[in-house]
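Colleague: Mind folding the following:
(2 chains)
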Amino acid sequence: MKLTARIVYLVTEGVRSLHTHLLLTTMTSLTIAVTLVLFGLFTALYHGIETAAATFHSQLRIVVFLDDGVSPAQAEALRQWLEERPEVAKVTFTDKAAALTRFQESQPEAARLVDLLGANPLPASFEAQLAADAHSVDAVKALAAAASGFAGVDSVRYGEGWLAGLLGLSRWVRVVGGGIGALLFAATLFIVSNAVRLSIYARREEIAIMRLIGATHGFIRSPFYLESAVAGVAGGVIAAAILTLLHRLGGVLLAPIAAGGGLVAQLTLPSLARGQVAALALAGVFFGLVGCWTSLGRFLRE
Amino acid sequence: MIEFDHVTKHYNESQTVLDDISFQIEPGEFSFLIGRSGAGKSTLMRLIFGAERPDGGTIRVAGRDLAQLTKRSLPFLRRNIGIIFQDSRLIPSRTVAGNIAFALQVAGIGGRVARRKIGEVLERVGLPGRENSWPAELSGGEQQRVAIARALVNGPALLLADEPTGNLDPDVTVEIHALFESINESGTTILFATHDMDAVRELRKRVLTLVNGAVVSDRPPELQPAYA
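Modeller: You can find the predicted model right below:
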């Protein structure tokens, strides 16, 4: 069959078929939309958790408290050592006076006790902010242990109690999240395949007749693929519209809670950029086409 | 045109549907295939257009050994065979012209050529001007005429009819038989499966009789008794 005649047939037959089977195509589009919304919500939640985890990771630090009698040379040696460490992103020095000021600002009532002491008990310290890839508890422990060996160091703190828990939770979230994402992907594929299969099943007589009059598999398949692609694009666009609406609704409902910061502030649904809308439409096309491919096969077998 | 050489077909180990049958149908011949329900008529038809494969023997259609046909080449065989069933199998969501155009589209024919051919074939089957009718608007006989038109539009050399008048009234049946006869007179080979003995006696064509999957009789037209 000539290419132009084939294209004309594909387009006219596809349009005719969409018009004739509008209800079936609409149901397929809505099925794709619903599953993409669920997938999108999960992706947004996962993204939010990852962002929250990254924020906490960026706040990971070790604090090296110095003896009151530490010499400038000892302090400088420690500072240089910390700055050269690959697991350290940034080193900040806080002298005793700055430490006292910070304490008075954060704990004004407790600061009166310091006045009673008559002397500043707060030590100077080096605060070493950890690099993004320094997420191993062992690496942090090793760094802290090495720093505590320096002359002039009184103690080293790095949140021993909660660090292991946080890093473990992050890893757990990634693994479980990835597993759930894969399951959701497979479920989406399965649901969309079944929706497309129902649509094709409703037209099994038509397919049987096409085979009897000498239609090739490609001739039979192509209008169905076109319909599935159109249903997929429509489903993706509908999903994008729903997700955008949810983003706006979520922003309004969660604003009072998110204003307080914390985890909720990180878990807001990100708004969809044009590229993401296009990605959803493409995802709809992908699921529609794969659903069509898996479903048509049994109707084309003798 | 059709050659069966010791063909056997089983559906499972204990059920033999066609048992070592051999016959030949020459180009331009009109042959009846008669037998009770379950005799194997439909299976024999399905073997000819490649919907089934035999378990033994050789089948040739228009000189081509069907065993050598790949799945890819099967559609091209079917474009040279017109097939008509007891139920017309029209697509309800297409008009009469749309149903016939389907067969032309498969063969890569569209546009003005397709419209002309559709008009000609509808004229031939006695339904001129009915292009825009829907199948639901047609009588049973008219639907079957459209099915015949769809089968004929690409000018096949062979027409297979599997009980095409099984659902029709006697007077409509006579009209359809006359139509098949006129199609045959223009050179198309016809194999007509039926258990309508009136039609067999009326048309006086060659008769192949199937009983329990075996050809028990192959009577040429000249030996058919006159229809009283």
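Colleague: how about the helices in chain B?
Modeller: Using DSSP state H, the helices of chain B run over B:41-48, B:74-78, B:96-106, B:111-124, B:140-152, B:170-185, B:197-203.
Colleague: Mean pLDDT, distance to chain A and mean neighbour count added to those helices, as TSV?
Modeller: Where you see a C-beta, it was placed from the backbone N, CA and C, and this is true even at glycine. Output for the helices of chain B, formatted as TSV (pLDDT from 0 to 100; distance: least, C-beta to the nearest C-beta, whole Å; neighbours: other C-beta atoms under 10 Å in any protein chain shown):
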stretch	mean pLDDT	distance to chain A	mean neighbour count
helix B:41-48	91	9	22
helix B:74-78	88	4	18
helix B:96-106	91	5	23
helix B:111-124	92	8	15
helix B:140-152	93	7	24
helix B:170-185	88	17	16
helix B:197-203	81	23	16
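Colleague: Of all these, which one comes closest to A:A73?
Modeller: Closest to A:A73 of the helices of chain B is helix B:74-78 (C-beta to C-beta; 90.1 Å).
Colleague: Packing partners of the closest one?
Modeller: If you count contacts as 3 or more C-beta pairs under 8 Å, 6 or more residues apart in numbering or on different chains; DSSP states H and E, helix B:74-78 packs onto helix A:204-212.
Colleague: Pull out the buried residues from the helix it packs on.
Modeller: A:E206, A:I207, A:I209, A:M210, A:R211, A:L212 (16 or more other C-beta atoms under 10 Å in any protein chain shown).
Colleague: What does the pLDDT read for the closest residue to the last one other than its chain neighbours?
Modeller: Looking back up the chat, that one is A:L212. Once flanking residues are discounted, A:L212 sits nearest to B:I83: 5.5 Å by C-beta to C-beta, 6 or more residues apart in numbering or on different chains. The model reports B:I83 with a pLDDT of 92.
Colleague: these two touch, right, B:I83 and B:F49?
Modeller: Yes. Under the criterion of C-beta atoms under 8 Å, B:I83 is in contact with B:F49, at a separation of 6.0 Å.
Colleague: the more surrounded of these two?
Modeller: Comparing B:I83 with B:F49 by neighbour count (other C-beta atoms under 10 Å in any protein chain shown), the higher total belongs to B:I83, at 25 against 21.
Colleague: Quick check: beta-bridge partners of the more buried one?
Modeller: Residues in a beta bridge with B:I83, per DSSP bridges, are B:L160.
Colleague: Does the spatially most central residue of chain A belong to a helix, a strand or coil?
Modeller: The centre of chain A sits closest to A:H47, judged by C-alpha atoms, centre = their mean, with a distance of 2.1 Å. Here A:H47 is helix, with the state taken from DSSP: H, G, I helix; E, B strand; the rest coil.
Colleague: for A:Q129, same thing?
Modeller: With three-state DSSP as the basis, the three-state label of A:Q129 is strand.
Colleague: Quick one: list the elements packing against the one helix or strand A:F126 maps to.
Modeller: Here A:F126 sits within strand A:125-130, counting by DSSP states H and E. Helices and strands touching strand A:125-130, by 3+ C-beta pairs under 8 Å, 6+ apart, are strand A:61-66, helix A:72-84, strand A:88-94, helix A:137-148.
Colleague: export the helices of chain B to JSON lines and tack on distance to A:R171?
Modeller: Below are the helices of chain B laid out as JSON lines (distance: least, C-beta to C-beta, whole Å):
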{"stretch": "helix B:41-48", "distance to A:R171": "61"}
{"stretch": "helix B:74-78", "distance to A:R171": "56"}
{"stretch": "helix B:96-106", "distance to A:R171": "58"}
{"stretch": "helix B:111-124", "distance to A:R171": "65"}
{"stretch": "helix B:140-152", "distance to A:R171": "65"}
{"stretch": "helix B:170-185", "distance to A:R171": "76"}
{"stretch": "helix B:197-203", "distance to A:R171": "80"}
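Colleague: wait, what's in contact with the residue in chain A sticking out farthest from the centre?
Modeller: Largest separation from the mean C-alpha position in chain A: A:G118, at 51.8 Å (C-alpha atoms, centre = their mean). If a contact means C-beta atoms under 8 Å, 6 or more residues apart in numbering or on different chains, then A:G118 has no contacts.
Colleague: Name the residue of the stretch 51-200 of chain A that lies nearest to chain B.
Modeller: Nearest to chain B, among the residues of the stretch 51-200 of chain A, is A:S199, at 13.7 Å (C-beta to the nearest C-beta).
Colleague: Let me see the contact set for that residue.
Modeller: By C-beta under 8 Å, 6+ apart, the contact list for A:S199 reads A:H21, A:L24, A:T25, A:M27, A:T28, A:E227.
Colleague: What residue in the stretch 201-302 of chain A comes nearest to chain B?
Modeller: For the stretch 201-302 of chain A, C-beta to the nearest C-beta, closest residue to chain B: A:G214, 3.5 Å.
Colleague: Burial check on residue 17, number of neighbours?
Modeller: No chain was given, so I picked chain A. Neighbourhood size, A:S17 [other C-beta under 10 Å]: 20.
Colleague: try again with chain B
Modeller: Close neighbours of B:V17, defined as other C-beta under 10 Å, add up to 21.
Colleague: wait, doesn't it sit right on B:T43?
Modeller: Yes. Here B:V17 reaches B:T43: they are 4.8 Å apart, a contact under C-beta under 8 Å.
Colleague: show me the contacts for residue 174.
Modeller: No chain in the question, so chain A it is. Per C-beta under 8 Å, 6+ apart, neighbours of A:R174: A:E50.
Colleague: could you do chain B instead?
Modeller: B:V174 makes contact with B:E202, according to C-beta under 8 Å, 6+ apart.
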